[in-house]
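1. below are the sequence and a predicted model; questions follow.
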Amino acid sequence: MEIEPEAFVNLKNLVYLGLSGNSLTSVPQLPPSLKVLSLAYNNIVHLSHANFSGAQNLVNLNLDKNCYYNNPCGDTFDLKEDVFRDMHQLKVLSLKFNNITVVPRGLPQFLEDLDLRENKISRINSIDFANLTQLKILNLEWNCQRCDHAAQPCFPCLNNASINLDPNSFRNQRNLISLSLRGNSLRTLSDSLFEPLVNLSNLDLSDNLLAYAIVNGTFFSYLKKVKTLNLIFNYEPLHVFPTLQLSPHFQDMGSLECLLLTGYFFLTLEPTGLKPLMALRNLQKLDFRMNFLNEINMSMLTKIRTLKQVVLSENMLAFPPRCPSVINHSVNLPKEPEHNLLPGFTMSGLFQHPSQVNEEPDWDTDLIPQLRNLQYKYCNNRLSLDLSNNNIMSIHQDIFQGLEDVVCLDLSSNYISQPLNGSQFLPLKNLRFLNLAQNRIDLYYETAFQELNSTLMALDLTSNAYHFHMKGMGHRFTFIHHLKSLRSLSLAQNDIGIRISTRLESDSLNSLYFGGNRLDLMWDGQNDRYLRFFLNLTNLTFLDISNNHLRSLSKDAMNNLPKTLKILNVNHNKLIFFPWWCLENLSNLIHLNLSHNSLSTIPKETITFGSKLRILDLSYNSIKNLPEAFFQSASSLNFLNLSNNALKFLYSQSLPAQVLGNLTELAIHNNPFTCNCDSSWFIDFLKTTQVKIPHLTTYVTCEFPESQQGKAVLSMDPRSCQEILGNLGFLCTSFMTIIFTALPILKKLYGWDCWYFIHIFWVRLKGYSLLSQPDSQYDAFVAFDTRHKAVADWVYNELRVSLEDKGRKRFKLCLEERDWLVGLSCIQNLYDAVYKSKKTVFVLTNGGSINGTLRQAFFMAQQRLLDEKVDVVVLVLLDEVMYKSKYLQMRKMLCRKSVLTWPRNPHSQPHFWDNMRATLTSDNNRYYDSNISESF
């Protein structure tokens, strides 16, 4: 992109300027009002004080990615020492990804945030940050990169050395809050580095080689106010520690709240390893992910009383089972009829939660319960234990001994393949949230989870399809009835179809995720065994049955849904029929989602939607038209989504007034609308409605006729569809009205102009032609009374000297006694002087006479105004008495800046010459009063 040097200079109120990604090689001139400037991802590699001379008020400057591997510059990023000399207000400076090899000199002393990550700085000297006493955030990560597990192009320092940190590098940074030394191949850290950092609360030392420093380092004693310590991926290459060992100086970090120790690589976690952390009274989170950990005594974690979250996921924990014992109680099982799977049938779960399914923006997502939101609700500020992604094949109560305070437990993505009989979670007396997704849980026993019946509120059994795929094996969900506190349950993505309990029973369950199963087999119409599957969930308000391969919903199935339902998701099925008449039985329904189905027709009779239905989503179907009566009783609708269907027309009868009156948002984009005369109401509606219509100008387009294909519906003019006679009548009467109204007005305003142009036209008919206009040879012709000695003296010794011999711009003046050609007539010289000059300056004084050459010059200047529509007159008054002239008073009203007065005060004369230069270089039309209309 090419930007003129002064493109932004006159933007006096400009505060934010974003010029990122424009391939700029230099910085344009900047206005002093600028506060935030982004020049990232350009090709600017040389910067000096001149580049920012006008931007002394900058607060935030971004110079990222001007010279790095994805934007090569073929040069060294050159930052002169005086670049920031005048930036006394700069608080935030980002120089990341620029191949900088040393810390820039001359950084503003009031800087608070400095980002130097992803450069090639191999050494930090004691003077580099000495003057940055106000610095609060400093990022030095990835300057001497560790490359043994790099995910992008890696640039280590010479001989894979670590960044060289002078012990006094941060001696003046007492205000530093956040420091990142990530990815700098550090092996040791000096105590002197952190001793001055008395306010440091966030320290990132991840992706270094500090494995042994974690064991022996003493610098931890100086991190007394650090709340978050990141030690992720500090493993020693090709080495796994037998057990976790932490430096005893960890116990001095009294403010530590979060310790991240992913990728340290140790096999066991023993009490001695956690001993330095036992005394920490503020520690809330321990993250030991991805450490090859295979042995741990879980109970020792409870000795850190303040812990709220323990993450042990992505390890190798297995918790081998005890010797198997015989179950000494019998279970009375109902006799299950034999059902064979359909020939060629394959079970494949396609479940997705609502937030993942809809490509459209969610409407009222607060109404839709999400498991991740429930996890935050139940687990926030309560003890949570994450054991996901391990090698756990079975669970038993010994694992959880001593963990009575655990509220949330995540066992997802393991290999748990066992029937649960009510004993596995006995020690967990306060468990509210249990995640067993992506395992192989056998749900056969009625006593499953009974030990949690008074506390468990959310249970996730998503993707436990292993046992449901076994032919001939029965399954029971009677355990749900015993979980008296259960509010949310996910049985999604399990391919649940046959040989299961005929009913689910619960008085407490509010939300059920049943997507990704096989309701098409359960409700196949051949028998009514599973028609009442959900009926006894007497408190259910949310039901998700998406991705169940349903081609139709029977009336019986709909009528046997819980009457308490508020949200029903039937999206991502194959529905070609939906029993709309049954909606009147769901009197509490607020949100109905039927998107991503195959519905093509809608009933022609009035449907009773219920008084509470607010959201109806019919997007991604094949609906071709909306019958007049369908929405007659849908007066409570606030959100209606009809996008991505096959609608060609939308008539006024389709959306009754009572519906439009309450509608807040209507989505109709990506439909093949026909744009012809029958669409006039639709187009008027789009232009005048107060209802929000997403993508109105971009994706509400015409598909038919072919000539309008791809054009926005709003671009069609509905007035073009009126009858031709009406158009002609309207045009004729309008024309006559305009003519009879305009003629008197035009005669009054432009009568003289018309007379003038008629005469010009008449002269041309007689063969006359305009004289060729010569190019301007002079900047100004100075007309004055040459017989008045004082005026002549002022012109030659003041005006000429100041304009021709002084100033940054030198003007070329035309003077009568100097520049007129000998041998030409006076009138010819005068004509050339006026027409070959850009401006005509009249020097007037009270004692001079306005006649002869001066008067003729004025008439010629006025003639240029008529012929060329160019006002070239500039008046210079040497006496204030001239102000009494009515012409001058009118001139000052029309164009004040073209009338200049020679000041009496000598100190005001430079201002007079500045105004004179500005007037000679500018078009007089710019200075005309906007309130006065010019007839010419």
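-> Thanks, I have it. Numbering: from 1, shown residues only.
2. buried residues in stretch 638-647?
-> By neighbour count on 16 or more other Cβ atoms under 10 Å, the buried set for stretch 638-647 is 638-645, 647. (Each C-beta comes from the backbone N, C-alpha and C, glycine too.)
3. so how far is that stretch from its chain's centroid?
-> Offset of stretch 638-647 from its chain centre (Cα atoms, centre = their mean, to the nearest Å): 26 Å.
4. mean confidence for it?
-> Averaging pLDDT along stretch 638-647 gives 97.
5. try stretch 230-247
-> Averaging pLDDT along stretch 230-247 gives 96.
6. check the offset of that stretch from the chain's centre.
-> 38 Å.
7. measure that stretch end to end?
-> Stretch 230-247 stretches 15 Å from its first residue to its last (Cα to Cα, to the nearest Å).
8. and that stretch, which residues are buried?
-> Buried residues in stretch 230-247 (16+ other Cβ under 10 Å): 230-235, 241, 244-247.
9. what's the answer for stretch 154-165, then?
-> 155-157, 162-163, 165.
10. for it, give me every contacting residue.
-> Residues outside stretch 154-165 that contact it (Cβ atoms under 8 Å, 6 or more residues apart in numbering) are 69, 120-124, 140, 143-147, 181, 184-187, 189-190, 193, 208-209.
11. tell me if residue 916 really is in a strand.
-> No. Assessed with DSSP: H, G, I helix; E, B strand; the rest coil, residue 916 is helix; it does not lie in a strand.
12. what residues are up against the residue nearest to it when sequence neighbours are not counted?
-> In space, and not counting its chain neighbours, residue 916 is closest to residue 900: 6.1 Å by Cβ to Cβ, 6 or more residues apart in numbering. By Cβ under 8 Å, 6+ apart, the residues touching residue 900 are 874-877, 912, 915-916, 919.
13. please produce JSON lines containing the residues you listed, extended by pLDDT and neighbour count.
-> Formatted as JSON lines, these follow (pLDDT from 0 to 100; neighbours: other Cβ atoms under 10 Å):
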{"residue": "874", "pLDDT": "92", "neighbour count": "22"}
{"residue": "875", "pLDDT": "90", "neighbour count": "21"}
{"residue": "876", "pLDDT": "90", "neighbour count": "23"}
{"residue": "877", "pLDDT": "88", "neighbour count": "19"}
{"residue": "912", "pLDDT": "91", "neighbour count": "17"}
{"residue": "915", "pLDDT": "90", "neighbour count": "13"}
{"residue": "916", "pLDDT": "90", "neighbour count": "21"}
{"residue": "919", "pLDDT": "89", "neighbour count": "20"}
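14. from the residues you listed, pick the one nearest residue 252.
-> Distances from residue 252 to the contacts of residue 900, taken as Cβ to Cβ, are shortest for residue 915 (72.2 Å).
15. wait, doesn't the closest one sit right on residue 898?
-> No. Counting by Cβ atoms under 8 Å, residue 915 stays clear of residue 898, with 10.3 Å between them.
16. who's in contact with residue 668?
-> Counting by Cβ under 8 Å, 6+ apart, residue 668 touches 642-643, 647, 650, 693, 700.
17. determine which two of those residues are furthest apart.
-> Every pair of those checked by Cβ to Cβ; the farthest is 647 and 693, at 13.5 Å.
18. export the buried residues of stretch 230-247 to JSON lines and tack on secondary structure and distance to residue 741?
-> Putting these into JSON lines (DSSP: H, G, I helix; E, B strand; the rest coil; distance: Cβ to Cβ, whole Å) gives the following:
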{"residue": "230", "secondary structure": "strand", "distance to residue 741": "78"}
{"residue": "231", "secondary structure": "coil", "distance to residue 741": "84"}
{"residue": "232", "secondary structure": "coil", "distance to residue 741": "80"}
{"residue": "233", "secondary structure": "coil", "distance to residue 741": "82"}
{"residue": "234", "secondary structure": "coil", "distance to residue 741": "86"}
{"residue": "235", "secondary structure": "coil", "distance to residue 741": "88"}
{"residue": "241", "secondary structure": "strand", "distance to residue 741": "96"}
{"residue": "244", "secondary structure": "coil", "distance to residue 741": "94"}
{"residue": "245", "secondary structure": "coil", "distance to residue 741": "97"}
{"residue": "246", "secondary structure": "coil", "distance to residue 741": "93"}
{"residue": "247", "secondary structure": "coil", "distance to residue 741": "94"}
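19. closest one to residue 399 out of these, please.
-> Using Cβ to Cβ, residue 244 comes nearest to residue 399 of the buried residues of stretch 230-247, at 19.2 Å.
20. could you pull up the residues touching the closest one?
-> Counting by Cβ under 8 Å, 6+ apart, residue 244 has contacts 261, 264, 266, 268-270, 273-274, 288, 291.
21. closest one of the buried residues of stretch 230-247 to residue 10?
-> The closest of these, once distances to residue 10 are taken by Cβ to Cβ, is residue 230, at 47.5 Å.
22. tell me the bridge partners for that closest one.
-> residue 204, residue 260 (DSSP bridges).
23. that one reaches residue 208, doesn't it?
-> No. Residue 230 is not in contact with residue 208 according to Cβ under 8 Å; the separation is 10.3 Å.
24. inside helices: which ones of the contacts of residue 668?
-> Among those, no member falls in helices (DSSP state H).
25. take those residues and write them to JSON lines, including distance to residue 443.
-> As requested, the contacts of residue 668 are exported to JSON lines (distance: Cβ to Cβ, whole Å):
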{"residue": "642", "distance to residue 443": "40"}
{"residue": "643", "distance to residue 443": "39"}
{"residue": "647", "distance to residue 443": "44"}
{"residue": "650", "distance to residue 443": "48"}
{"residue": "693", "distance to residue 443": "47"}
{"residue": "700", "distance to residue 443": "48"}
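26. filter the contacts of residue 244 down to the buried ones, ChimeraX style.
-> Buried residues among the contacts of residue 244 (16+ other Cβ under 10 Å), as a ChimeraX selection:
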select :261,264,266,269,270,273,274,288,291
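27. could the contacts of residue 244 go into a markdown table alongside pLDDT and secondary structure?
-> Output for these, formatted as a markdown table (pLDDT from 0 to 100; DSSP: H, G, I helix; E, B strand; the rest coil):
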| residue | pLDDT | secondary structure |
| --- | --- | --- |
| 261 | 98 | coil |
| 264 | 96 | coil |
| 266 | 97 | strand |
| 268 | 97 | strand |
| 269 | 95 | strand |
| 270 | 94 | coil |
| 273 | 92 | helix |
| 274 | 94 | helix |
| 288 | 98 | coil |
| 291 | 96 | coil |
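28. nearest to residue 555, of the contacts of residue 244?
-> residue 288 (54.9 Å).
29. my guess is that closest one contacts residue 312. True?
-> Yes. The pair residue 288 / residue 312 is scored as a contact, 5.5 Å apart, by Cβ under 8 Å.
30. before we move on, back to that, so which of the contacts of stretch 154-165 belong to helices?
-> Those of these lying in helices (DSSP H): residue 193.
31. counting neighbours, which of the contacts of stretch 154-165 end up buried?
-> 120-124, 140, 143-146, 181, 184-186, 189, 193, 208-209.
32. between residue 230 and residue 208, which contacts overlap?
-> Taking Cβ under 8 Å, 6+ apart as the criterion, residue 230 and residue 208 both touch residue 182.
33. centre of the chain to stretch 728-740, how far?
-> With Cα atoms, centre = their mean, you get 52 Å for stretch 728-740.
34. what is the mean pLDDT for that stretch?
-> Stretch 728-740 shows an average pLDDT of 86 in the prediction.
35. now do the contacts for residue 827.
-> Contacts of residue 827 by Cβ under 8 Å, 6+ apart are residue 856.
36. could you redo the last one with a cut-off of 6 Å?
-> For residue 827, the contact set (Cβ atoms under 6 Å, 6 or more residues apart in numbering) is empty.
37. also residue 151?
-> With Cβ under 6 Å, 6+ apart, residue 151 has no contacts at all.
38. no further questions, thank you.
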